[in-house]
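1. Generate coordinates for the sequence data below:
(one chain, ligands or ions: 1)
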Amino acid sequence: MAEKYEELIDKLTEEGDLSDDELLALITMPTGSGEGLFPNTPQAASDPCERLPLSPSFTEAEKALFDAADRVRRREYKTAVYVRGLIEFSSFCRNDCYYCGIRRDNRNLKRYRLSCDQILSCTDQGYDLGYRTFVLQGGEDPYYTDQMICDIVSSIKERHPDCAITLSIGEKERESYQRYFDAGAERYLLRHETADTRHYSLLHPAELSLEHRKKCLFDLKEIGYQVGSGFMVGSLGQTAGCLLEDIRFLQMLMPDMIGIGPYLTHHDTPLRDCCNGSLTMTLRLTSILRLIFPYALIPATTALGTIHPLGREMGMKAGANVVMPNLSPVKVRKQYQLYDNKICTGELSSECRGCMERRTSSSGYQLVIDRGDVKAH
Ligand code: SF4
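-> Here you go, the predicted model:
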């Protein structure tokens, strides 16, 4: 049995793709970790929210998958781990995604917005810490007009012309994306979250559409952004078939960055009674994505570090090559709770930088001071 999976891993490594049936076999292969792989489906075990063991053990086939992904990542990027300074500048959002802690209808959240000066002070501090990429992330907050976003982007560019600016501010009109790009933003993160229409409707209200989200992603690509997409692992109703659709969608989009993390519950959302997603499945998919998209920038996400104390280290060893320490002012970090128990909300930015450096080197990689652009593909 193990040989069958190892053959599939070899084939995926060599050819960069598998048939639908073969991919489904890898996605659903038995695990040694003891975790439920699809905790929020009717097929899940009766007590799927079991605590994850501190040292999960993996089968030989799972280890072979992680090792294959690590070899490909080393071939493409050697031991480099690129660092992005994350600034969460607004916790207001006009949308009401059922899984998200900062959704519009969460009345229990104290909201905040950062001014342009506050954002610039974060980027100045980040620059001194060695960051050469800044990610400006927020809910879809109409308070920030296109002109304000352009002013923020161009002010950062003026002060730090050697840095890359990534925006992650949701679905906009194509003209707005073009204006931000012309002002100097060169990257955009917009996870598609799920490529399956039925699954999408379990996670989002009817006013949001998967079709529009996909259109935004293709608009961004056409404009010339380096584009990041991705999805949550283990959200309500997600099946192996949904994950296969996610992979097939990404193969159409060919994004430069792919962000995946386990779904994590938030107590003030309609999905509060769901279980967290699976660490094992997130690692497994990180490796599969590395083998299909060898060139990609794949973060070891904060959500991975939240679900397990060594989640980000395991993510790097499974093929991830980006980390995103928080640069937001400490006093607002707890108010950007997309999910419960989010880590890194109390440390100073300098402590986050040091912590990430230690975690990276203890995993056998090196944090590099670089814009960390994607390789040509
Ligand atoms: S997931 Fe994004 S768009 Fe949806 S409510 Fe949260 S911040 Fe807003």
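2. Setting aside sequence neighbours, what's the nearest residue to Lys110?
-> For Lys110, ignoring the flanking residues on the chain, the nearest one in space by Cβ to Cβ, 6 or more residues apart in numbering is Gln335 at 5.4 Å. Quick note: C-beta positions are derived from backbone N, CA and C, even for glycine.
3. Regarding the chain, what is its longest helix?
-> Looking only at the chain and at elements set by DSSP state H, the helix with the highest residue count is helix 60-77.
4. pLDDT on that one, on average?
-> Average pLDDT, helix 60-77: 98.
5. got the residues of the stretch 101-250 of the chain near the ligand?
-> Within the stretch 101-250 of the chain, the positions near the ligand by Cβ under 6 Å from any ligand atom are Ile102, Arg103, Gly139, Glu140, Gly170.
6. now those as TSV including secondary structure?
-> Formatted as TSV, those follow (DSSP: H, G, I helix; E, B strand; the rest coil):
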residue	secondary structure
Ile102	coil
Arg103	coil
Gly139	coil
Glu140	coil
Gly170	coil
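7. Which ChimeraX command selects the buried ones in those?
-> In ChimeraX, selecting the buried portion of these, with burial taken from 16 or more other Cβ atoms under 10 Å, looks like this:
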select :102,103,139,170
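8. Which pair of the residues of the stretch 101-250 of the chain next to the ligand spans the longest distance?
-> Arg103 and Gly170 (12.4 Å; Cβ to Cβ).
9. anything in contact with each of the two?
-> Taking Cβ atoms under 8 Å, 6 or more residues apart in numbering as the criterion, Arg103 and Gly170 both touch Cys93, Asn95.
10. circling back: what does the longest helix of the chain contact?
-> For helix 60-77, the surrounding residues in contact (Cβ under 8 Å, 6+ apart) are 2, 5-6, 9-10, 12-13, 26, 29-33, 58, 280, 283-284, 286-288, 290-291, 294-295, 317-321, 375.
11. Follow the chain on from that helix and name the next helix or strand.
-> Stepping forward along the backbone from helix 60-77, the first helix or strand reached (DSSP states H and E) is strand 80-83.
12. sorry, back to before: can I get the buried part of the contacts of helix 60-77 as one PyMOL selection?
-> To isolate in PyMOL the members of these that are buried, counting by 16+ other Cβ under 10 Å, one can use:
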select buried, resi 5+9+12+13+26+29+31+33+58+280+283+284+286+287+288+290+291+294+317+318+319+320+321
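13. So which of the contacts of helix 60-77 sit within helices?
-> Within the contacts of helix 60-77, residues falling in helices by DSSP H are 2, 5-6, 9-10, 12-13, 26, 280, 283-284, 286-288, 290-291, 317.
14. in the longest helix of the chain, what's buried?
-> By 16+ other Cβ under 10 Å, the buried positions in helix 60-77 come out as Ala61, Glu62, Ala64, Leu65, Phe66, Ala68, Ala69, Asp70, Val72, Arg73, Glu76, Tyr77.
15. got it, and stretch 123-143?
-> The neighbour-count check on stretch 123-143 (16+ other Cβ under 10 Å) flags 123, 125-127, 129, 131-139, 141 as buried.
16. next one: stretch 107-126
-> Residues of stretch 107-126 classed as buried under the neighbour-count rule (16+ other Cβ under 10 Å) are Leu109, Tyr112, Leu114, Ile119, Leu120, Cys122, Thr123, Gln125, Gly126.
17. The fourth one and Lys172, how far apart?
-> When you say that, I think you mean Ile119. From Ile119 over to Lys172 the distance is 18 Å, taken as Cβ to Cβ, to the nearest Å.
18. What of the second one?
-> When distances are taken as Cβ to Cβ, Tyr112 and Lys172 turn out to be 21 Å apart.
19. do the same with the first one
-> Using Cβ to Cβ, Leu109 is found at 23 Å from Lys172.
20. ditto for the third one
-> Leu114 sits 19 Å away from Lys172 when distances are taken as Cβ to Cβ.
21. repeat for the fifth one
-> Leu120 sits at a distance of 22 Å from Lys172 (criterion: Cβ to Cβ).
22. What is the three-state secondary structure of Asp124?
-> If you use three-state DSSP, then Asp124 falls in the helix class.
23. ok now do the closest residue to it other than its chain neighbours, which residues does it touch?
-> Setting aside the residues directly before and after it, Asp124 is nearest to Arg159 in space (Cβ to Cβ, 6+ apart), at 6.9 Å. With contact taken as Cβ under 8 Å, 6+ apart, Arg159 is in contact with Leu120, Thr123, Asp124, Tyr127.
24. wait, which of these is closest to the ligand?
-> The shortest approach to the ligand among the contacts of Arg159 belongs to Thr123, at 21.5 Å (Cβ to the nearest ligand atom).
25. any idea of the angle the longest strand seen in the chain forms with helix 279-292?
-> Looking only at the chain and at elements set by DSSP state E, the strand with the highest residue count is strand 226-233. For the pair strand 226-233 and helix 279-292, the angle between their directions (axes from the mean of the first three to the mean of the last three Cα atoms, to 10 degrees) equals 150 degrees.
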